[in-house]
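# generate a structure from the sequence data that follows.
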Amino acid sequence: MSFKKRSTANAPKIPAGSRISAYNGQLLISTGVPSLDDILGGGLPVGTVLLIQEDQHTSYAQLLLSYFLAQGVACGHHCAIASMDETPQQILDNLPWLAEQSTSSEQESKSSKQESEDDKMSIAWRYQSLKRFDTGVPARSVPAPIPQTSKQAAGAGLPEINFCDTFDLTTKIKPEALQSAKTTLINPPTCFDDQYNGDRDDYEILMEELQSVIVDGGFSSMVPVPQGTERNALRIGIQSLASPNWQCKNPQDILKVLHALRGLLRFSFGAAVITVPTYLYDAAFQRRLQHMCDAVVEIESFAGSLKHSSASYAQTYHGFFHVHKVPVLNSLLPSSTKLSVLSGDGSNNLGFKLRRKRFAIETFHLPPEGGVSTRRTEPKEEASKKEDQSKGRLVSSLASMSLDRTPKVGCGSTPSRKDPLDF
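Coordinates of the predicted model:
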């Protein structure tokens, strides 16, 4: 019996900017947010749909969608963008871009030093030697490079392709990156456009465009390709699906769209991130939407709540991050139960922070009682008032004792007794 050495040249190559999960062998792509990748079990599995339930008062869900698309442009993936609230070109132009490695590393070192100095315990000196409690996932400023690189990205002058990059919210995407980006902009015509057709609703046009991108673009796994060829990944980003701007014949048609999209992506090298204003619908319809998606997260900010905005933890966090559903593919249990740092134990106590340059999800915890910003010493005016009140009470009590000094004798026969013990 002879053995034949396996040739790596004929082996299928995974898309650039992706990696294989060590838990279930699923192909993963990054969402652009390291903490969100950790919650999902290392990344967003290819062939799944991630639903982000929008907040009523803020646009944090749109920010997560921009992270997802910006990571796709940086990796050289094909990005299909659809929206009716704003043009897809505006979404593409406002994407954040990569942070410089030198400045990001310096800022992270400064912030870590400042946080360590601020969080020093002043209760007892022996507690300072204990290990610090980490509430989040550190941002990977220089991720480990993937062996597969994209020739198109290298020729366009883009940086080396990584699984997850660090983005700076203060820096917009560069024009040269927009020129080399592979995008498909889906914007169904409205009643004010000449090509508008009233017989077809926006959902039908959306599904036809997505089907043509998946099948004709070569992202379907059902279409065979020559051995050794490198496939590319597809990222689908839909902003505010099922909002009032989407014209449809029946509001229940969104369930058909999600079901059809999930079936198309299950046999393709692509993943979708969809934001939906679920606050416009009742709880029963929200559960049906969650059932049609592979992963569901919800953002609840403190901006529109007087109860949370006035609390002490509102100075540290900007809102809660709820995880309703995580992807489960090729396994009985989700990979996040064993691989996730933030939600590995199944707990759902997460909060998010929006800093000047980045978005982070951390474990939510209450600040110390009293807090750092709470004033523990009373002002002089209040202290003097309390002292005067205490002196006044003491003087009144002494005066009452001096007035009540009448002799009290045994079996009180006096009619004007005041002592209740007299009889």
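
# could you list the buried residues of stretch 301-319?
Ser301, Phe302, His308, Ala314, Thr316, Tyr317, His318, Gly319 (16 or more other Cβ atoms under 10 Å). Bear in mind the C-beta positions are built from the backbone N, C-alpha and C, glycine included.

# now, which of the residues you listed lie within strands?
If you go by DSSP state E, the buried residues of stretch 301-319 have Ser301, Gly319 in strands.

# by pLDDT, give me the weakest of the buried residues of stretch 301-319.
Here the lowest pLDDT out of the buried residues of stretch 301-319 sits on His308, with 74.

# got a list of what the residue lying closest to that residue once chain neighbours are set aside touches?
Computed as Cβ to Cβ, 6 or more residues apart in numbering, the closest residue to His308 that is not its neighbour in sequence is Phe302, at 4.0 Å. Phe302 is in contact with His308, Ser309, Ala311, Ala314, Tyr317, His318, Gly319, counting by Cβ atoms under 8 Å, 6 or more residues apart in numbering.

# export those residues to TSV and tack on distance to Tyr196?
Formatted as TSV, the contacts of Phe302 follow (distance: Cβ to Cβ, whole Å):
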residue	distance to Tyr196
His308	43
Ser309	43
Ala311	48
Ala314	45
Tyr317	44
His318	40
Gly319	38
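
# now, among those, which is nearest to Gln252?
The closest of the contacts of Phe302 to Gln252 turns out to be Gly319 (Cβ to Cβ; 30.1 Å).

# dump the residue contacts of the nearest residue to the closest one once chain neighbours are set aside.
Nearest-residue entry for Gly319: Ser301, 3.6 Å, with adjacent residues in sequence omitted and distances by Cβ to Cβ, 6+ apart. The neighbours of Ser301, taking Cβ under 8 Å, 6+ apart as the test, are Asp55, His57, Thr58, Tyr60, His318, Gly319.

# tell me the buried residues in the strand or helix carrying Tyr203?
Using DSSP states H and E, Tyr203 falls within helix 202-216. Within helix 202-216, the residues that qualify as buried by neighbour count (16+ other Cβ under 10 Å) are Asp202, Tyr203, Glu204, Ile205, Leu206, Met207, Glu209, Leu210, Val213, Ile214.

# tabulate the CA atom coordinates of stretch 88-106 in CSV.
What follows is stretch 88-106, C-alpha atoms only, in CSV (Å, rounded to 0.1, in the frame of the first residue of the first chain):
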residue,chain,number,x,y,z
PRO,A,88,-26.2,53.5,0.1
GLN,A,89,-23.5,55.8,-1.3
GLN,A,90,-23.8,58.1,1.7
ILE,A,91,-23.4,55.0,4.0
LEU,A,92,-20.3,54.1,2.0
ASP,A,93,-18.8,57.5,2.2
ASN,A,94,-19.3,57.8,5.9
LEU,A,95,-17.6,54.6,6.9
PRO,A,96,-14.8,54.8,9.5
TRP,A,97,-11.3,53.8,8.4
LEU,A,98,-8.2,52.2,9.9
ALA,A,99,-6.4,53.7,12.8
GLU,A,100,-2.7,54.2,12.5
GLN,A,101,-0.7,51.5,14.3
SER,A,102,1.7,53.9,16.0
THR,A,103,-0.9,56.3,17.3
SER,A,104,-3.3,53.6,18.3
SER,A,105,-0.7,51.7,20.3
GLU,A,106,0.4,54.9,22.0
